[in-house]
Each structure stands twice: as C-alpha cells, then as structure tokens.
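Engineer: I need the structure of the sequence given here:
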Amino acid sequence: MKDSSKLSVLEKVGFGAGDMAVNVVWSSMALIITFFYTDVFGLRTQDLAALFLVVRFIDAITDPLMGLITDKFTTRWGRYRPYFLFLAVPFGISIFLTFVTPDLGYSGKLIWAYATYVLMTLMFTAVTIPYISLIGVLTGDPKERLSANGYRLFFAKVAAFLVTIIVPVLAAEWGGGNIARGYQAAMGLMAAVAAALFPFCFFTTTERLQHEAEKKPIGRQITLLLRNDQWLVLCGVCVIGTIGYVIRGAVAAYYAKYYLGGDAVVLSRFLATGVVAAILAMVASTWITKRYCKIAMFRWTQLAVGVISAVMFFAVKPGDMLLAFVLYFLLSFVVDLHAPVFWSAIAEAIDYGENRLGERVSGLAWGGISFCQKAGMGLGGAVVGWLLTYYDYVPDQVQSEFTLTGLALMLTVIPGVFHFAMGLLMFRYRITDGYYRSMMEMPPQKSAVTA
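Structural biologist: Residues are numbered from 1 along each chain as shown. A predicted model of the protein is given here:
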C-alpha cells in the first residue's frame, strides 16, 4: 500500500466542501428542524419525539448496509467519491422537500413529515458514509488527517453559520407573512448550495490509498469490530456526545425566543453566536493539537463543558441577553475543540483493529460510527420532544416559569452532563500520536478471531 505526500490546500478545501454540504442537513436537524416542526410546521411535541425515533430505527439498517456497499464496489473514480457526483441533486431535492409545509390536515402533514424526513435521512446516509470514509484513503499521515479534518470541520461550521444566520432571517423576509413559505424558500437555497458543493469535492480530491475490499462475511466483520475495544469506545463517545449536542442545539432557538425574549433577529444571532464560536474552535483545535496531546485535550475540554454549563444555568436569568450570549459563546467554543480529533481518531481506530486483529474492517466501521451519530441524533431529538412535553411547552405562547426553567436546563445542565460523561469515557481511549506511530511500526498480528 503506497502512502501519499502531504495534501494540498486545494484538496483540503475540497474535502471540507463535502462536509459543508453534509452539514446543511446536519445543522438543520440539530439546530432548526425541531423548532421548524413545532412552531412552523405544527407538529405536536410527542409526535415529534416518535418521528425521530422511528427514523433512527431505519438508520439501524441503512447505515451498516451503506458501509458494506462502499466496501464491495469500486469504480475508476475510486471507492467513495462517485457518490458525491451522482447523488448531489437527489440529496438537494430531499432537503427542499423536508421543509415544504403542505396545505393538509394534521394527519396528512404528519405523513408528509415522515415521508420527507425518511427520504432526507436515506440521502444523507448515501452520501455521508462514503464521505466520512474518504479521509482514510486521502492520506496515511495522522497529522495530515488531523489537518484535513480541521478544514473539514471549519467548512462544516460555515454551513451551520449559513443555516442559522440566514435561514431564520430569510424565512421571515421571503415569507411575506407566511413563515412556512419563507422556510421553504430559504432551505431551498441551502439545498441548492449543498447540491453544488458535492461535485466540487469530487473533482478536487483524490483517493490515493487503496485498501483491499472487504470480502469477509458480515458476521465475521461484526465479530472483528466487537473485538476492537478502541472503536467501541468511540462508538460510545459518539452516541453520548451527539445526544448532548442535539439537545443543546435543538433548544437554542426556543431559549433565544422565550427565555431571552428575543425576536427572529435575536434568535438568528444567538444561533450564529454558537456557530461562530465553533468555527473559531476548529482553528484553535488545529493549533493546540500541534503542541499538545490531542486525546488529553479531548478529555479535559468535555469535562470543562459540564462545568461551564452549570455556571450558565445558575448565572443567566430570563432576559439577561448579554451574559447569555457571552457564556453561550464560551460553551460552544469549548464543546467543539474536540471535533477534529474525533474524526481523525476513527481512522486510527480502524488501523488499530487491523494491526491488533490481523484483518481490516473499514466500511462497516465507518457505517457503524455514522449509525451511532444518528442514534444519538434520534435519541437526542426524542429527548427534546419528551422534555418539551414534560415542561408544558406551548408554541407561540407566553411560557410559564416552569417551562422557562426547563428550557434553561435543556440548553445547559442536561447536555452538559452528557459531555462530561463523554470526557470521562475518553480516558479509556489510548491511541495517542505516539502510540499510533509505535503501533504502525510494528507488523500486524495474525488474525486470532474466529468467524
């Protein structure tokens, strides 16, 4: 297997453009769609919770299946890149349809929500599994992978910035008094941007490394993955961290509107504050990990999130905008310092499994991580629906003190507990840069795993 030279800036930008496209959906699901479904589309919070859970059961099948497909088939353009070219337009259409609010009764709208959200999720899977696998074949250098992931996550946060700062404002302006039509138009624009970015990623990246295609039976691949203790740690980290991220992100719009008493502009600025902090975190993370242990940074930043979350809950009172913005910026910055490290760690955990067990499982490993991410999204979304129901949330009404306290807890302490737990779990992950270099200098073990 021939390694590559360092990646060019253009290739890193192209790689990042792919995640920018992906994050039009991810950011919408994490930051916009819960608020859209309750306050614009008109779904009941309990139905929203059920929707998120049902879709995640579908992901339990489609994510690993897509991982197997990417392992089985390759083309003259590579194993992963062709999906970006041929599925870009269907991906964009699925985003647009999800934010269409049909003129139907409640049952008809609920069916539409299920159908379009499932379609968007399937398209998301079909492009995301190849995308997150791509880093493993761009370069074999851990530092280059980390740098490329820094670019990737920077552009991902740019997508989040566009969704959060532009969509609420454009929805209000373009709706002409019809906010549902405004969201449809604004997200249609975001869908077009996403559809254009994937071909750019296709044409600017190159699959240099060629891993042997998986020919092992699915049962054996699962056995190998279950023996890879470091991959299992990352699975747990992914689920726990995503739940916390989704709860905080989904309730941010409610917090800005009801707890801080803001209008559409304040809502947009509050969401954008979190995204700007996350963008700066991508830059800071790349600088920090060049000088300090990336795994240590991962652990301690997530523990710090728990502490900052508690401080924000007790310090910020209803309507206290300035302090809320400052602490939310700090919280969002510290939360996302770990992100480039996590996505680099997956590729290294796959190499670890090959080195320790003698056989490589790549596609299913990436598919499993994607499923864990979506499982966290589904569980987090369901928890948001259940908590909004528990705290007696009613759209477009003056909220009770009980409801406002619940919204504050959902933005701070509740997700903070999940991030604190994620930091603790990372103490069981041991593949530091030094460990990885030493491991790769050793010959792989002969497989001792029975089918």
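Engineer: Work out which residue lies at the spatial centre of the protein.
Structural biologist: Taking Cα atoms, centre = their mean, the centroid of the chain lies closest to residue 26, which sits 5.5 Å from it.
Engineer: show me the contacts for that residue.
Structural biologist: Counting by Cβ atoms under 8 Å, 6 or more residues apart in numbering, residue 26 touches 156, 159, 160. Yep, even glycine has a C-beta here, placed from its N, CA and C like the rest.
Engineer: Now do the one helix or strand the last one maps to: which elements does it pack against?
Structural biologist: Think residue 160. Using DSSP states H and E, the element containing residue 160 is helix 142-174. In terms of contacts (3 or more Cβ pairs under 8 Å, 6 or more residues apart in numbering; DSSP states H and E), helix 142-174 is packed against helix 9-27, helix 106-138, helix 179-204, helix 264-289, helix 339-357, helix 433-441.
Engineer: Taking helix 264-289 as reference, get the angle to it.
Structural biologist: 170 degrees (axes from the mean of the first three to the mean of the last three Cα atoms, to 10 degrees).
Engineer: List the buried residues in helix 142-174.
Structural biologist: Under the neighbour-count criterion of 16 or more other Cβ atoms under 10 Å, helix 142-174 has 142, 144-165, 167-172, 174 buried.
Engineer: Could you do stretch 306-326 as well?
Structural biologist: Residues of stretch 306-326 classed as buried by neighbour count (16+ other Cβ under 10 Å): 306, 308, 309, 312, 313, 316, 321, 324, 325.
Engineer: quick one: average pLDDT of it?
Structural biologist: Confidence over stretch 306-326 (mean pLDDT, whole number) is 96.
Engineer: So for it, first residue to last residue, what's the gap.
Structural biologist: By Cα to Cα, to the nearest Å, the extent of stretch 306-326 from end to end equals 16 Å.
Engineer: quick one: that stretch to chain centroid distance?
Structural biologist: Stretch 306-326 has its C-alpha centroid displaced from the chain centroid by 25 Å (Cα atoms, centre = their mean, to the nearest Å).
Engineer: what does stretch 426-442 give?
Structural biologist: That offset, for stretch 426-442, works out to 25 Å (Cα atoms, centre = their mean).
Engineer: Start and end of it, how far apart?
Structural biologist: Stretch 426-442 has an end-to-end distance of 24 Å (criterion: Cα to Cα).
Engineer: The closest residue to residue 405 other than its chain neighbours and residue 250, how far apart?
Structural biologist: Excluding the flanking residues, the one nearest residue 405 by Cβ to Cβ, 6 or more residues apart in numbering is residue 391, at 7.6 Å. For residue 391, the distance to residue 250 (Cβ to Cβ, to the nearest Å) stands at 14 Å.
Engineer: Please report phi then psi for the closest residue to residue 267 other than its chain neighbours.
Structural biologist: Nearest residue to residue 267 in three dimensions, chain neighbours excluded: residue 256, at 4.4 Å (Cβ to Cβ, 6+ apart). Dihedral angles of residue 256 (phi, psi; degrees, to the nearest 10) stand at phi -70, psi -40.
Engineer: Likewise for residue 400?
Structural biologist: Dihedral angles for residue 400 - degrees, to the nearest 10 - are phi -70, psi 170.
Engineer: Distance of it relative to residue 394?
Structural biologist: On the measure of Cβ to Cβ, residue 400 and residue 394 end up 9 Å apart.
Engineer: hang on, residue 180 packs against residue 41?
Structural biologist: Yes: with contact defined as Cβ atoms under 8 Å, residue 180 counts as touching residue 41 (7.1 Å).
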